[in-house]
Each structure stands twice: as C-alpha cells, then as structure tokens.
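S.K.: Turn this into a model:
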Amino acid sequence: MLELRPNCECCDADLPPDSTEASICTYECTFCATCATERLRGACPNCGGNLVARPIRPPAMLAKDPASTVRVVREIACV
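M.R.: Purely as a prediction, here's the structure:
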C-alpha cells in the first residue's frame, strides 16, 4: 500500500492525501506537480524512474489506512 507521503521532497510543499498535485515514482518518492514537471522534467532524481500522478485513496479507506506523516526532504537540491 502506498505511504501517501505528506510533502514534496524538493520544495517541502504540503501534499495532503487528496491532493491532485502529487507525483510519485515506483519507490514512492513524492514531488509536487510544479517540481515534477518544471524542475525534474518528469524523472525522479533519486532513481531515474518516471513520475506519475499519485492516486487518491478514498476517504473510507484513508480512515482505515491513514497516510504517512513522515516528511521526506532531499539533502541534495533538486536540479
């Protein structure tokens, strides 16, 4: 199950679980739409994989399986 991380790893923008602005790679690295398209050009800086829209977990399932509250921010700046 996806962690649904709460923020962009590049700019630390908030990305709540119902955000349509979140993008992820296959390792669940999470970025906002602006960083994913403008800064990263659709490629994850951690693994090189493509970034796609993060799915939204339905509210009933979110209550059962909550999103992560652990914020992840890259130590090395996103290019």
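S.K.: got the contact list for the residue nearest the centre of the chain?
M.R.: Central residue of the chain (CA atoms, centre = their mean): residue 30, 2.1 Å from the mean position. Contacts for residue 30 (CB atoms under 8 Å, 6 or more residues apart in numbering) come out as 5, 7-9, 15, 22-24, 54, 72. Where C-beta positions appear, they are placed from N, C-alpha and C, glycine not excepted.
S.K.: can you do 7 Å?
M.R.: Going by CB atoms under 7 Å, 6 or more residues apart in numbering, residue 30 touches 5, 8-9, 15, 22, 24, 54.
S.K.: And for residue 3?
M.R.: Applying CB under 7 Å, 6+ apart to residue 3 gives the contacts 28, 68.
S.K.: max-length helix in this protein?
M.R.: Longest helix in the chain by number of residues (criterion: DSSP state H): helix 59-64.
S.K.: any idea of the mean pLDDT in that helix?
M.R.: For helix 59-64, the mean pLDDT works out to 96.
S.K.: Other residues contacting it?
M.R.: Identification of contacts with helix 59-64 by CB under 7 Å, 6+ apart yields residue 17.
S.K.: just how off-centre is it within its chain?
M.R.: On the basis of CA atoms, centre = their mean, to the nearest Å, helix 59-64 sits 19 Å off its chain's mean C-alpha point.
S.K.: again, but for stretch 18-31
M.R.: 3 Å.
S.K.: In this protein, mark out all the strands, start to finish.
M.R.: Secondary structure of the chain (DSSP state E): strands at 22-24, 30-32, 52-53.
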